[in-house]
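Engineer: any chance you could fold what I've pasted below:
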Amino acid sequence: MRRIGLVLFLGLLWSALPPAAPARAAEAVSDTVPSNLWLTRSLLSDLAARYADVLGPGPRKVLLAPLDAEPGTELLRTAISEVLLDRGNTVYLAGDEDAPTGPVDARWSFRVVGVELSYPEVGRTLGLWRSWIARRITVTVQSVITEEPGGRLLLDEEKEVKVADRFPAGDFERVDSPLYAFTTAEPVSGGWHGRLEEMVVLGTLAGLVAVYFANTSD
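Structural biologist: All right, here's what the predicted structure looks like:
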């Protein structure tokens, strides 16, 4: 009877465990959880590559003209420069001493409209007792690209990209970055949903233990 009770207990315990986490969450459990700064830079690089497609194949002389001096726009300028240089173009910055006095092939004006970071949910992987934090990052960028000389408009639009994932709560200090205002945020509290979830799990486990010892006492 004890062996039967143990098998029943383990079976009920297994059935109480939650289904496997989605692949996106599973990837975040690795040792390579990207930081907020890394993800923001990656999103900016993706946007820069999409915009640069309108210029066609290089080499071209491109004058970069940031529309503001905000930190996000500075990160975008770096991303645009890297994309253009990788494609064989020559890049100049408006206002720099080495900016050409003669005509260029294109002028690219840009700014980061906003970077929004949030941790909308904090939870726990039931059965494993590992806590996790959900993360969302939204980046919005404005770009205007004109062909020079002549000023023919090649592109004038605003794009938005988003990313959402989960990472282990223990990685928070490494993921969250106070370097910029848009790379740090406060996670939301677990709220009554999280407390209720834990109470249900504890109650279920207590019931399973009771069933096990009730069977082993026969």
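Engineer: in its sheet, which strands sit next to the strand or helix carrying residue 65, and in what direction?
Structural biologist: Residue 65 belongs to strand 61-66 when assigned by DSSP states H and E. Applying DSSP bridges, strand 61-66 is found paired with strand 90-93 (parallel), strand 106-125 (parallel).
Engineer: closest one to residue 187 among those strands?
Structural biologist: strand 106-125 (3.8 Å; Cβ to Cβ). (Glycine included, C-beta is placed from N, CA and C.)
Engineer: just checking, what packs against the helix or strand just after the closest one?
Structural biologist: Sequence order places strand 130-147 as the next helix or strand after strand 106-125, per DSSP H and E. The contact analysis (3 or more Cβ pairs under 8 Å, 6 or more residues apart in numbering; DSSP states H and E) places strand 130-147 against helix 36-52, strand 106-125, strand 152-168.
Engineer: and the angle for the strand holding residue 65 with helix 36-52?
Structural biologist: Per axes from the mean of the first three to the mean of the last three Cα atoms, to 10 degrees, the angle that strand 61-66 makes with helix 36-52 is 130 degrees.
Engineer: next SSE downstream of strand 61-66?
Structural biologist: helix 71-86.
Engineer: any chance you could list what contacts that following helix?
Structural biologist: With Cβ atoms under 8 Å, 6 or more residues apart in numbering as the test, helix 71-86 has contacts from 40-41, 44-45, 47-49, 51-52, 55, 58, 62, 64, 66-67, 91, 93, 108, 110-112, 114-115, 141, 180-182.
Engineer: filter those down to the buried ones.
Structural biologist: 40-41, 44-45, 47-49, 51-52, 55, 58, 62, 64, 66, 91, 108, 110-112, 115, 141, 180, 182 (16 or more other Cβ atoms under 10 Å).
Engineer: export the helices and strands packed on strand 130-147 to TSV and tack on distance to residue 97?
Structural biologist: As requested, these are arranged in TSV below (distance: least, Cβ to Cβ, whole Å):
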stretch	distance to residue 97
helix 36-52	24
strand 106-125	18
strand 152-168	27
